[in-house]
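**Q** Predicted model, plus sequence, below.
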Amino acid sequence: MDLPLSNFRRMEVEEFDTSKLLAHASQQAEERGYKNFPIVDVDSHHYETEAIDEILEYMDDPVLQQLARSARQASAKGNGVVSPGGVGYQDMGGRVMRYSTRGMEKTPAGTHRDISLARRWMDAIGINIAVMFPTPMLQLGLHPQVEVEVALARAYNRWLCERVLAHEPRIRSMLYLPFNDAEASYKTVQEFGGKPGVVGFMVTSARYRPVHHNSYMKTYALMEEMNLPLAFHAGYNWNDHTVGMMNRFIAVHALGFVFYNMVHMANWITNGLPERFPKLKLLWIESGLAWIPFMMQRFDNEYMMRSSEAPALKKLPSDYMRDMFFSSQPMEMTDMGALETTFRMIKAETQLLYSSDYPHWDFDLPSTIYDLPFLSEQAKHNILGGNAIRMFNLTLPA
Amino acid sequence: MPDVFVAKAAQFADGERRIVRAGATEIGVFHWQGQYYAYENLCVHQGGPACEGLIMHKVEDVIAPDRTWNGQKFSKDEIHFVCPWHGYEYDLKTGECAADRKLRLKSFEVVKRGEDVYVVAG
């Protein structure tokens, strides 16, 4: 493969091998003795569009299926029908080379490619169990056709359960909720809640539906009853008018991956949903950690003056946030003092769950937690695996 | 530790790099515009293989005398190599991290003996 470089130079790349790319991660795992305690990664990814032909086999709507297959033939990417896509370049102009070269990686016949690739990076990094999410579908909540989100979500969920989760107990998932259709979301929990490998459900945060709408209450109630956590997975949306004022992707990503989760968190708390669903476990994914102390301080301060506008609350907003769970990545690590304060404010020892986000550009290794100077050995083990095992009620595969 | 053989000079073209090992240490050796440069292949960020990624010129904003923005260009002189894990960029001629020059990779001396290129590993 020929990669374009600066000033009209080019670079030839002949192979891509996950194990080679992550050789230094394997060395870290060995040096730190990760094999001596369980590590759970609560946010990792695959590229489901690479298996879109398989997924479309599970799509019930024959017209939509034909439309999607036709689009596949019409262009190399051909995902316009099922994925709204959007402008963005997470690969930094090719600098994060695995985006452009990953297709060259060879995997053995007889095992699903997504399983082979996951095993490779999990083994290299030292991860026992990975909770896996899609990639392009993180934008699906922005699709203008609600029925497309519903149809693709069901096809993807069925495909994932049958082709991936059923064959590799080290891979789990919080399945995609088609949140723009409340009734379909409820049916999704009913249909898939007990499937092997399903450890909860996930809402892609980039969308325009308020989480406090009455139509969602029976879904939350069902998940609470089934003891299945609900996750909000962050995403950016450069087409949003506010986000669209930013012309650099660094700004779109830095703010965009936090913005929607802040909106959903604000609505969740001020509408008293923690009081209505006290046993429903909430997990906030891929917004990093710095936003949490900001929201805790901002909402506590205003609540003290305007408690009449959030009358369902029986304690401070930050107290409800400390009952929630947060994934660690991309963990802001440029000010160790601020990070230590953040860990204290969010009760990291019990509420923080390690996540890699591999293979995306800003992935974090377990060493980002393990090497922190202010954590006890027990706290490191909790964050890297113990907290997730408790929250998801996981049984480690033999 | 004895010096580490990198390559025959004739087989190490300008613009190329080699990764060599000195004991447990990996060293990236670059040949750029007639000079050789060598750094430890260990990113200051999360320990990635810093020397194994793309070699890219620094991106620069073009600011006019009236301080308006007139697009972007690649530098003619400042060349970086990029850690393939997360994109940390390093100045190829100094080993400094381009985003924060207080951070830098450990550097090594490179010597040419006859037609052979060696890294002085310490």
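**A** Structure's in. What do you need?

**Q** how near is the residue nearest in space to the middle of chain B to B:Glu16?
**A** Geometric centre of chain B, nearest residue: B:Leu92, 3.4 Å, by CA atoms, centre = their mean. Per CB to CB, to the nearest Å, B:Leu92 is found 12 Å from B:Glu16. Bear in mind the C-beta positions are built from the backbone N, C-alpha and C, glycine included.

**Q** Which residues are in contact with A:Gly88?
**A** Residues near A:Gly88 by CB atoms under 8 Å, 6 or more residues apart in numbering or on different chains: A:Tyr236, A:Trp238, A:Phe249, A:Val252.

**Q** One more: A:Arg158?
**A** Neighbours of A:Arg158 in contact, by CB under 8 Å, 6+ apart: A:Tyr58.

**Q** Next: the one 10 residues further on.
**A** Contacts of A:Glu168 were listed using CB under 8 Å, 6+ apart, and they are A:Ile115, A:Ala118, A:Arg119.

**Q** What is the burial count for A:Ser6?
**A** By the criterion of other CB atoms under 10 Å in any protein chain shown, A:Ser6 has 17 neighbours.

**Q** Endpoint to endpoint, stretch A:375-395 covers what distance?
**A** Stretch A:375-395 has an end-to-end distance of 26 Å (criterion: CA to CA, to the nearest Å).

**Q** mind listing what's buried in it?
**A** Going by neighbour count (16 or more other CB atoms under 10 Å in any protein chain shown), the buried part of stretch A:375-395 is A:375, A:379-389, A:391-392, A:394.

**Q** ditto for stretch A:97-114
**A** Buried residues in stretch A:97-114, counted by 16+ other CB under 10 Å: A:Met97, A:Arg98, A:Tyr99, A:Thr101, A:Glu105, A:His112, A:Arg113, A:Asp114.

**Q** in chain B, which ranges drop under the pLDDT threshold?
**A** Low-confidence regions of chain B, defined here as pLDDT under 70, do not occur.

**Q** Write out the residues of it neighbouring chain A.
**A** Counting by CB under 8 Å from any CB of the partner chain, the residues of chain B close to chain A are B:15, B:42, B:46-49, B:53-57, B:59, B:74, B:76, B:82, B:84-87, B:89.

**Q** Generate a ChimeraX selection restricted to the buried subset of those residues.
**A** Command for ChimeraX, covering only those of the residues of chain B next to chain A found buried under the criterion 16+ other CB under 10 Å:
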select /B:42,46,47,48,49,53,54,55,56,57,74,82,84,85,86,87,89
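
**Q** of all the contacts of A:Glu168, which comes closest to chain B?
**A** Of all those, chain B sits closest to A:Ala118, with 18.0 Å by CB to the nearest CB.

**Q** shouldn't that closest one be in contact with A:Ser44?
**A** Yes. Under the criterion of CB atoms under 8 Å, A:Ala118 makes contact with A:Ser44 at 7.4 Å.

**Q** Now do the shared contacts for these two.
**A** A:Ala130, A:Met132.

**Q** can you map out the strands along chain B?
**A** Per DSSP state E, chain B carries strands over the ranges B:4-8, B:17-22, B:25-32, B:35-40, B:55-63, B:69-82, B:89-91, B:96-97, B:100-104, B:107-113, B:116-120.
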